[in-house]
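Q: Starting from these lines, generate the structure:
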Amino acid sequence: MEIRYSKAEKTRTLIINTARKHFCIKGIEQGNVHDIVDKLDISQRTLYRYFPSKDILLKEIYLATISRFNQMYKINILLEMVNKQNSSQILKTYYDVIRHIAKTEPELLLYDLLYNCYALERHEDPLNYPEIRSIHNYDTHIDASIYKNITVEFIRVIFSGIQKDILLEFQKEVPDMNELIIRWDKIAANMINNPFLDS
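A: Down below sits the predicted model:
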């Protein structure tokens, strides 16, 4: 049965997808709403009807990104399996999925990284957002050592191959990846020490 979406739902999704690519190219701090509405040929009032502020738009893009990870690639299920069994085969499956996303939908991985950098520098931890807990639907806490290993591999996969894919996808320059690595190194420990991991 074909799912039918309302005009409002289609508009909201179009804004999210367009804005995600825009922020991947320009960076979260440098990206602005004016360019997004120009790209979509809609009014700023229309965009703010769906997303009343830039911060809300950024967060909603992040939530939509995590939802797609789980709906299309079952990342939440893989993380649960890794947490419960931690077998080399399950870890390999997880890494293979991440690599596949890097080649097919690289903007998802890049935006996830960009938003985590942005949020953690504002002393917010996206893993603690109630919406993220609900989306992931974890039934156990994640072992911190396992999460650390996954986080390190996730970052390694992104920086070892995603830049080429991003450039091919957008045909434009992306934010300085080396600068992003430096920024990430300074705050990655915040994710490992996430209070959610000890709950």
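Q: Output the below-cut-off pLDDT ranges for this structure.
A: Within the chain, the ranges that satisfy pLDDT under 70 run 1-5, 82-83, 86-87, 133-199.
Q: any chance you could map the helices in it?
A: 7-26, 33-40, 44-50, 54-73, 75-85, 88-104, 106-121, 130-136, 144-157, 163-170, 177-192 (DSSP state H).
Q: what angle sits between the second one and helix 7-26?
A: The reference is to helix 33-40. 120 degrees (axes from the mean of the first three to the mean of the last three CA atoms, to 10 degrees).
Q: residues making contact with helix 33-40?
A: With contacts defined as CB atoms under 8 Å, 6 or more residues apart in numbering, helix 33-40 is touched by 14-15, 18-19, 22, 26, 43-44, 46-47, 54, 57. For every residue, glycine as well, the C-beta is placed using N, CA and C.
Q: hmm, try it at 10 Å
A: 11, 14-15, 18-23, 25-26, 32, 42-48, 51, 53-54, 57 (CB atoms under 10 Å, 6 or more residues apart in numbering).
Q: quick check: angle from that helix to helix 54-73?
A: Between helix 33-40 and helix 54-73, the angle comes out at 50 degrees (the same axes, to 10 degrees).
Q: and N70, how many residues sit next to it?
A: 17 (other CB atoms under 10 Å).
Q: Just the CA trace of stretch 121-133, in PDB.
A: Output of stretch 121-133 as PDB, limited to C-alpha atoms (Å, rounded to 0.1, in the frame of the first residue of the first chain):
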ATOM      1  CA  GLU A 121      30.400  22.800  22.200                       C
ATOM      2  CA  ARG A 122      27.200  24.400  23.500                       C
ATOM      3  CA  HIS A 123      27.300  21.900  26.400                       C
ATOM      4  CA  GLU A 124      24.400  19.900  25.000                       C
ATOM      5  CA  ASP A 125      24.700  16.200  24.500                       C
ATOM      6  CA  PRO A 126      22.400  14.900  21.700                       C
ATOM      7  CA  LEU A 127      22.400  11.400  23.200                       C
ATOM      8  CA  ASN A 128      20.500  12.900  26.200                       C
ATOM      9  CA  TYR A 129      17.700  14.500  24.000                       C
ATOM     10  CA  PRO A 130      14.500  12.700  25.000                       C
ATOM     11  CA  GLU A 131      13.600  12.400  21.300                       C
ATOM     12  CA  ILE A 132      16.900  10.600  20.600                       C
ATOM     13  CA  ARG A 133      16.200   8.100  23.400                       C
END
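Q: quick one: buried residues of that stretch?
A: For stretch 121-133, the neighbour count (16 or more other CB atoms under 10 Å) marks 125-127, 129, 132 as buried.
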